[in-house]
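Participant: any chance you can model this:
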Amino acid sequence: MKSILLITLKGIFRDRVFQGIMVTACAFLLIPVIASLSMRQVTELSLTLSLSLISFILLLLSVFLGGTSLWKDIERRYTFSVLGLPLSRQSYLLGRFCGTALFVLLTSAVLGSAAFAVVNYSSAIYPPDRSIDWSVMAVCILFDALKYILLIAVAFLLSTVSTSFFLPVFGSIAAFLAGGITQQVYEFVNSPASKTLSPLVKKLATILYFVLPNFGAFDLKVNAIYSLPLLTEGLLLTAAYFIVYTGALLAAAAAVFARREMR
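Facilitator: Below is the predicted model:
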(Lines give C-alpha, C1' and ligand atoms only; values in the text may rest on other atoms or scores of the structure.)
Protein backbone atom coordinates (compact mmCIF):
# COMPACT_ATOMS: atom_id res chain seq x y z
CA MET A 1 0.00 0.00 0.00
CA LYS A 2 2.93 2.34 0.68
CA SER A 3 4.10 2.10 -2.94
CA ILE A 4 0.59 2.97 -4.19
CA LEU A 5 0.55 5.97 -1.82
CA LEU A 6 3.86 7.27 -3.19
CA ILE A 7 2.78 6.69 -6.80
CA THR A 8 -0.44 8.60 -6.09
CA LEU A 9 1.49 11.56 -4.70
CA LYS A 10 3.83 11.65 -7.71
CA GLY A 11 0.90 11.43 -10.11
CA ILE A 12 -0.92 14.30 -8.39
CA PHE A 13 2.12 16.57 -8.62
CA ARG A 14 2.24 15.93 -12.38
CA ASP A 15 -1.51 16.35 -12.86
CA ARG A 16 -2.59 19.38 -14.93
CA VAL A 17 -5.63 19.87 -12.74
CA PHE A 18 -3.36 20.31 -9.74
CA GLN A 19 -1.15 22.75 -11.60
CA GLY A 20 -4.13 24.84 -12.66
CA ILE A 21 -5.61 24.92 -9.19
CA MET A 22 -2.30 25.88 -7.62
CA VAL A 23 -2.24 28.97 -9.82
CA THR A 24 -5.34 30.04 -7.92
CA ALA A 25 -3.20 30.20 -4.77
CA CYS A 26 -1.55 33.30 -6.22
CA ALA A 27 -4.69 35.14 -5.11
CA PHE A 28 -3.13 35.26 -1.63
CA LEU A 29 -0.97 38.12 -2.94
CA LEU A 30 -4.11 40.21 -3.53
CA ILE A 31 -5.65 39.67 -0.09
CA PRO A 32 -3.75 42.47 1.74
CA VAL A 33 -4.74 44.94 -0.99
CA ILE A 34 -8.40 43.93 -0.88
CA ALA A 35 -8.48 43.83 2.91
CA SER A 36 -7.04 47.36 3.13
CA LEU A 37 -10.25 48.65 1.53
CA SER A 38 -11.95 47.90 4.84
CA MET A 39 -10.65 50.67 7.08
CA ARG A 40 -12.00 49.22 10.35
CA GLN A 41 -11.71 45.43 10.04
CA VAL A 42 -8.66 44.85 7.89
CA THR A 43 -7.38 41.87 9.91
CA GLU A 44 -10.81 40.24 10.15
CA LEU A 45 -11.29 40.61 6.39
CA SER A 46 -7.82 39.20 5.73
CA LEU A 47 -8.66 36.18 7.89
CA THR A 48 -12.00 35.70 6.17
CA LEU A 49 -10.54 35.91 2.66
CA SER A 50 -7.55 33.70 3.50
CA LEU A 51 -9.61 30.93 5.10
CA SER A 52 -12.22 31.10 2.33
CA LEU A 53 -9.52 30.82 -0.34
CA ILE A 54 -7.99 27.81 1.41
CA SER A 55 -11.41 26.18 1.63
CA PHE A 56 -12.10 26.86 -2.06
CA ILE A 57 -8.78 25.40 -3.23
CA LEU A 58 -9.15 22.30 -1.05
CA LEU A 59 -12.68 21.82 -2.38
CA LEU A 60 -11.43 21.86 -5.98
CA LEU A 61 -8.62 19.44 -5.16
CA SER A 62 -10.82 16.99 -3.26
CA VAL A 63 -13.56 16.96 -5.91
CA PHE A 64 -11.38 16.60 -8.99
CA LEU A 65 -8.60 14.44 -7.55
CA GLY A 66 -10.91 12.28 -5.45
CA GLY A 67 -13.48 11.96 -8.21
CA THR A 68 -11.11 11.10 -11.06
CA SER A 69 -8.30 9.10 -9.40
CA LEU A 70 -9.89 5.65 -9.68
CA TRP A 71 -11.73 6.45 -12.89
CA LYS A 72 -8.54 7.40 -14.76
CA ASP A 73 -6.78 4.25 -13.59
CA ILE A 74 -9.63 2.05 -14.75
CA GLU A 75 -10.12 3.98 -18.01
CA ARG A 76 -6.43 3.75 -18.89
CA ARG A 77 -6.31 0.13 -17.71
CA TYR A 78 -3.61 0.85 -15.15
CA THR A 79 -5.52 -1.23 -12.64
CA PHE A 80 -5.06 -4.40 -14.73
CA SER A 81 -1.27 -4.28 -14.40
CA VAL A 82 -1.28 -3.12 -10.78
CA LEU A 83 -3.82 -5.65 -9.56
CA GLY A 84 -1.86 -8.38 -11.34
CA LEU A 85 0.77 -7.93 -8.65
CA PRO A 86 0.46 -9.56 -5.20
CA LEU A 87 -1.71 -6.67 -4.03
CA SER A 88 -5.33 -6.82 -2.94
CA ARG A 89 -7.94 -4.47 -4.31
CA GLN A 90 -8.58 -3.15 -0.82
CA SER A 91 -4.89 -2.22 -0.40
CA TYR A 92 -4.88 -0.55 -3.79
CA LEU A 93 -8.00 1.48 -2.93
CA LEU A 94 -6.68 2.49 0.49
CA GLY A 95 -3.31 3.41 -0.99
CA ARG A 96 -4.98 5.67 -3.52
CA PHE A 97 -7.12 7.29 -0.84
CA CYS A 98 -4.27 7.76 1.64
CA GLY A 99 -2.08 9.32 -1.05
CA THR A 100 -4.80 11.80 -1.99
CA ALA A 101 -5.62 12.55 1.65
CA LEU A 102 -1.94 13.10 2.49
CA PHE A 103 -1.65 15.50 -0.42
CA VAL A 104 -4.63 17.48 0.88
CA LEU A 105 -2.95 17.71 4.30
CA LEU A 106 0.31 18.88 2.74
CA THR A 107 -1.52 21.44 0.61
CA SER A 108 -3.44 22.76 3.61
CA ALA A 109 -0.14 23.15 5.49
CA VAL A 110 1.43 25.14 2.63
CA LEU A 111 -1.67 27.29 2.12
CA GLY A 112 -2.00 27.74 5.86
CA SER A 113 1.56 29.09 6.01
CA ALA A 114 0.67 31.55 3.26
CA ALA A 115 -2.46 32.57 5.16
CA PHE A 116 -0.45 33.10 8.34
CA ALA A 117 1.97 35.36 6.46
CA VAL A 118 -0.84 37.37 4.84
CA VAL A 119 -2.75 37.86 8.10
CA ASN A 120 0.43 38.75 10.00
CA TYR A 121 1.33 41.31 7.35
CA SER A 122 -2.14 42.88 7.43
CA SER A 123 -2.25 43.00 11.23
CA ALA A 124 1.19 44.62 11.35
CA ILE A 125 0.08 47.47 9.07
CA TYR A 126 -3.41 47.82 10.57
CA PRO A 127 -3.31 46.59 14.21
CA PRO A 128 -6.61 44.86 15.07
CA ASP A 129 -8.79 45.72 18.07
CA ARG A 130 -8.51 42.14 19.35
CA SER A 131 -5.44 39.93 19.29
CA ILE A 132 -5.25 37.07 16.82
CA ASP A 133 -5.37 33.57 18.27
CA TRP A 134 -2.99 31.77 15.92
CA SER A 135 -3.68 28.37 17.51
CA VAL A 136 -7.40 28.68 16.75
CA MET A 137 -6.55 29.60 13.17
CA ALA A 138 -4.31 26.54 12.85
CA VAL A 139 -7.02 24.24 14.24
CA CYS A 140 -9.53 25.81 11.85
CA ILE A 141 -7.30 24.98 8.84
CA LEU A 142 -6.70 21.45 10.14
CA PHE A 143 -10.40 20.69 10.52
CA ASP A 144 -11.05 22.24 7.12
CA ALA A 145 -8.59 19.71 5.69
CA LEU A 146 -10.36 16.88 7.54
CA LYS A 147 -13.64 18.01 6.03
CA TYR A 148 -12.30 17.66 2.52
CA ILE A 149 -10.63 14.33 3.26
CA LEU A 150 -14.10 13.13 4.26
CA LEU A 151 -15.37 14.47 0.93
CA ILE A 152 -12.63 12.50 -0.85
CA ALA A 153 -13.93 9.35 0.86
CA VAL A 154 -17.39 10.14 -0.53
CA ALA A 155 -15.90 10.59 -4.01
CA PHE A 156 -14.02 7.27 -3.76
CA LEU A 157 -17.19 5.43 -2.77
CA LEU A 158 -19.02 6.91 -5.75
CA SER A 159 -16.08 6.02 -8.01
CA THR A 160 -16.37 2.33 -7.12
CA VAL A 161 -19.94 2.16 -8.44
CA SER A 162 -19.52 4.44 -11.47
CA THR A 163 -18.13 3.81 -14.94
CA SER A 164 -17.44 7.51 -15.62
CA PHE A 165 -16.23 10.54 -13.71
CA PHE A 166 -19.61 12.33 -13.79
CA LEU A 167 -21.11 10.57 -10.78
CA PRO A 168 -18.02 10.90 -8.52
CA VAL A 169 -17.41 14.56 -9.41
CA PHE A 170 -20.96 15.89 -9.46
CA GLY A 171 -22.13 13.47 -6.80
CA SER A 172 -19.45 14.65 -4.38
CA ILE A 173 -20.34 18.27 -5.14
CA ALA A 174 -24.00 17.51 -4.39
CA ALA A 175 -23.02 15.71 -1.19
CA PHE A 176 -20.89 18.67 -0.14
CA LEU A 177 -23.69 21.18 -0.72
CA ALA A 178 -26.26 19.03 1.05
CA GLY A 179 -23.93 18.12 3.91
CA GLY A 180 -23.14 21.78 4.52
CA ILE A 181 -26.75 22.65 5.44
CA THR A 182 -28.00 19.50 7.16
CA GLN A 183 -27.25 20.93 10.61
CA GLN A 184 -29.27 24.10 9.96
CA VAL A 185 -32.15 22.14 8.44
CA TYR A 186 -32.21 19.70 11.36
CA GLU A 187 -32.27 22.54 13.89
CA PHE A 188 -35.07 24.26 11.97
CA VAL A 189 -37.36 21.22 11.72
CA ASN A 190 -36.95 20.68 15.47
CA SER A 191 -37.68 24.31 16.36
CA PRO A 192 -41.09 25.89 17.13
CA ALA A 193 -40.95 27.70 13.75
CA SER A 194 -41.47 24.38 11.91
CA LYS A 195 -45.03 23.79 13.14
CA THR A 196 -46.40 24.21 9.63
CA LEU A 197 -44.21 21.41 8.23
CA SER A 198 -45.70 17.96 7.81
CA PRO A 199 -44.42 15.06 9.95
CA LEU A 200 -43.18 13.34 6.77
CA VAL A 201 -40.97 16.28 5.86
CA LYS A 202 -39.58 16.41 9.40
CA LYS A 203 -38.85 12.69 9.39
CA LEU A 204 -37.18 12.87 5.98
CA ALA A 205 -35.01 15.80 7.11
CA THR A 206 -33.99 13.90 10.24
CA ILE A 207 -33.03 10.80 8.20
CA LEU A 208 -30.94 12.90 5.80
CA TYR A 209 -29.26 14.58 8.76
CA PHE A 210 -28.00 11.26 10.09
CA VAL A 211 -27.19 9.73 6.68
CA LEU A 212 -25.43 12.60 4.91
CA PRO A 213 -22.01 13.77 6.15
CA ASN A 214 -22.26 16.81 8.40
CA PHE A 215 -19.64 19.08 6.85
CA GLY A 216 -20.87 22.05 8.87
CA ALA A 217 -19.41 20.54 12.04
CA PHE A 218 -15.89 21.10 10.66
CA ASP A 219 -16.37 24.82 9.95
CA LEU A 220 -14.50 26.84 12.60
CA LYS A 221 -14.01 30.04 10.59
CA VAL A 222 -16.05 32.19 12.99
CA ASN A 223 -13.85 31.10 15.89
CA ALA A 224 -10.69 31.92 13.94
CA ILE A 225 -11.89 35.29 12.64
CA TYR A 226 -13.10 36.60 16.00
CA SER A 227 -10.61 34.66 18.21
CA LEU A 228 -13.39 32.76 19.96
CA PRO A 229 -12.28 29.87 22.21
CA LEU A 230 -12.73 26.31 21.00
CA LEU A 231 -14.43 23.64 23.09
CA THR A 232 -12.20 20.59 23.52
CA GLU A 233 -15.22 18.29 23.83
CA GLY A 234 -16.61 19.57 20.53
CA LEU A 235 -13.30 19.11 18.74
CA LEU A 236 -12.92 15.54 20.04
CA LEU A 237 -16.49 14.70 19.05
CA THR A 238 -15.93 16.07 15.54
CA ALA A 239 -12.65 14.16 15.22
CA ALA A 240 -14.37 10.93 16.32
CA TYR A 241 -17.17 11.62 13.82
CA PHE A 242 -14.57 12.05 11.07
CA ILE A 243 -12.83 8.77 11.92
CA VAL A 244 -16.06 6.73 12.13
CA TYR A 245 -17.72 8.20 9.04
CA THR A 246 -14.59 8.05 6.88
CA GLY A 247 -13.94 4.49 8.02
CA ALA A 248 -17.49 3.48 7.13
CA LEU A 249 -17.23 5.05 3.67
CA LEU A 250 -13.90 3.37 2.95
CA ALA A 251 -15.18 0.01 4.18
CA ALA A 252 -18.18 0.30 1.86
CA ALA A 253 -15.95 1.42 -1.03
CA ALA A 254 -13.54 -1.48 -0.48
CA ALA A 255 -16.40 -3.99 -0.37
CA VAL A 256 -17.89 -2.67 -3.63
CA PHE A 257 -14.51 -2.39 -5.38
CA ALA A 258 -13.60 -5.97 -4.44
CA ARG A 259 -16.67 -7.23 -6.33
CA ARG A 260 -16.43 -4.89 -9.29
CA GLU A 261 -15.80 -6.40 -12.71
CA MET A 262 -12.89 -4.82 -14.59
CA ARG A 263 -13.43 -4.50 -18.31
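
Participant: ok, which stretches of this protein are helices?
Facilitator: Using DSSP state H, the helices of the chain run over residues 2-14, 16-24, 31-35, 42-75, 78-83, 89-125, 134-161, 166-179, 182-189, 199-211, 221-225, 232-258.

Participant: pull out the buried residues from the fourth one.
Facilitator: In this case it means helix 42-75. Using 16 or more other Cβ atoms under 10 Å as the test for burial, helix 42-75 gives 42-51, 53-55, 57-71, 73-74. Backbone N, C-alpha and C define where each C-beta goes, glycine included.

Participant: on that earlier part again, so which of the helices of the chain is the most packed in?
Facilitator: Ranked by mean neighbour count, the helices of the chain are led by helix 134-161 with a mean of 23 (mean count of other Cβ atoms under 10 Å).

Participant: let me know the average pLDDT across that one.
Facilitator: Across helix 134-161, pLDDT averages out at 94.

Participant: so that it lines up with my notes, have the first residue be 31 from now on.
Facilitator: Right, with 31 as the first residue, what we last looked at is helix 164-191.

Participant: what's the distance between L188 and I179?
Facilitator: From L188 across to I179, the span is 15 Å (Cβ to Cβ, to the nearest Å).

Participant: give the contact list for the residue nearest to P62 when sequence neighbours are not counted.
Facilitator: Excluding its sequence neighbours, the residue lying closest to P62 (Cβ to Cβ, 6 or more residues apart in numbering) is S152, at 5.2 Å. Shown in contact with S152 (Cβ atoms under 8 Å, 6 or more residues apart in numbering): I61, P62, A65, S66, V72, T73, S76.

Participant: any idea how far E105 is from the last one?
Facilitator: Looking back up the chat, that one is S76. On the measure of Cβ to Cβ, S76 and E105 end up 42 Å apart.

Participant: could you do the first one as well?
Facilitator: As for I61, its distance to E105 is 38 Å (criterion: Cβ to Cβ).

Participant: could you do the fourth one as well?
Facilitator: Spatial separation of S66 from E105 under the definition Cβ to Cβ is 47 Å.

Participant: lowest average confidence, helix or strand, in this protein?
Facilitator: Within the chain, no helix or strand scores below helix 108-113, which has a mean of 61 by mean pLDDT, DSSP states H and E.
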